[in-house]
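1. Quick one: sequence plus predicted model below, questions after.
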Amino acid sequence: MHDLGLPEAVDTHFFDTPDDAAVALADAVARHLSERLLIAPRASLVVSGGSTPLPFFEALREKPLDWARIDVLLADERWVPEDDKDSNTRLVRENLLQGPASEARYLSLKQPGDTPAEGLAAVESALNDLHLPLDVLILGMGNDGHTASLFPDAPELDEALDTDSAAIVVPMTPASQPQKRITLTLRALNQAGFTALHLKGDDKLKTLQTACSDIGKVWDMPVRAFLKPGLQVYWSA
Ligand SMILES: O=C(O)[C@H](O)[C@@H](O)[C@H](O)[C@H](O)COP(=O)(O)O
């Protein structure tokens with residue numbers, strides 16, 4: 001089952017339970033952030049929203065890191081108020097930025113503005129201090145092969161996948177989603193020091209298998225842009 005046809009040098013870590021995967025991923029992320037902070041004044045941690053990351057956030061937030069030197073931000077955000085049940089910022093503030101991790105600097109993708117396009121300048125300003133390449137990136141994946149808010153049906157996908165573009169964040173309006181989105185671009189997400197794809201359930205494993213079957217067609221399944229050497233896949237049943 002585990003022969004997914006992933007490219008060489010993609011490390012797969014499979015677990016029986018979501019908690020086991022979350023603890024292992026939190027250990028790996030903490031190790032990488034600690035190592036980074038030995039040689040750099042600050043480190044960046046980009047996380048994803050959705051339902052999968054919750055136990056990972058709970059495990060990571062207790063790690064004895066120098067959180068005041070860590071910039072935490074989302075890979076993408078739904079353009080809803082921070083107190084909305086669908087807000088990823090709310091998810092991160094309530095579940096990751098607690099305990100020791102409450103000392104981290106949070107760079108919010110949700111800024112004033114009725115639409116992501118209206119709020120874009122404020123988001124770009126909020127990310128002004130973000131250094132690329134990112135240090136740690138945790139991505140999820142939908143069963144349509146989206147990751148972050150790089151949705152196959154978003155009219156802005158070309159711009160978001162254009163690694164020659166200077167843009168590091170773009171509004172996204174995928175018809176498949178109830179809310180407008182804003183997402184870091186492939187240029188911003190690419191080449192992170194540590195990139196993990198955090199997945200749960202057999203459906204996601206089947207989707208990953210489909211993604212692996214034709215890695216070249218990134219526009220059909222944007223997660224394919226990340227299926228390359230160095231990627232760490234953390235999956236649990
Ligand atoms: O805002 C979001 O929804 C996420 O950033 C998105 O990319 C998520 O990672 C996948 O949709 C998987 O979501 P689940 O973990 O809920 O399956």
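-> Yep, that arrived.
2. Give me the three-state assignment for Ala24.
-> Recorded secondary structure, Ala24: helix (DSSP: H, G, I helix; E, B strand; the rest coil).
3. mind listing what it touches?
-> Taking Cβ atoms under 8 Å, 6 or more residues apart in numbering as the definition of contact, the neighbours of Ala24 are 13, 15, 234. From N, CA and C alone the C-beta is placed, and that goes for glycine too.
4. and which of these is nearest to the ligand?
-> Using Cβ to the nearest ligand atom, Tyr234 is the member of the contacts of Ala24 that sits closest to the ligand, with 12.1 Å.
5. per-residue confidence averaged over the longest strand along the chain?
-> Longest strand of the chain, by residue count under DSSP state E: strand 194-200. This predicted structure assigns strand 194-200 an average pLDDT of 98.
6. re the thing from before, in the contacts of Ala24, which residue is surrounded by the most others?
-> For the contacts of Ala24, neighbours were counted using other Cβ atoms under 10 Å, and Tyr234 has the most, 24 neighbours in all.
7. elements contacting the helix or strand where that residue lies?
-> Secondary structure assigned from DSSP states H and E places Tyr234 in strand 232-236. If you count contacts as 3 or more Cβ pairs under 8 Å, 6 or more residues apart in numbering; DSSP states H and E, strand 232-236 packs onto strand 11-15, helix 18-39, strand 194-200, helix 202-213.
8. Can you give me every residue that contacts Pro53?
-> When contacts are counted by Cβ under 8 Å, 6+ apart, Pro53 is found next to 47, 91, 95, 138, 140, 198.
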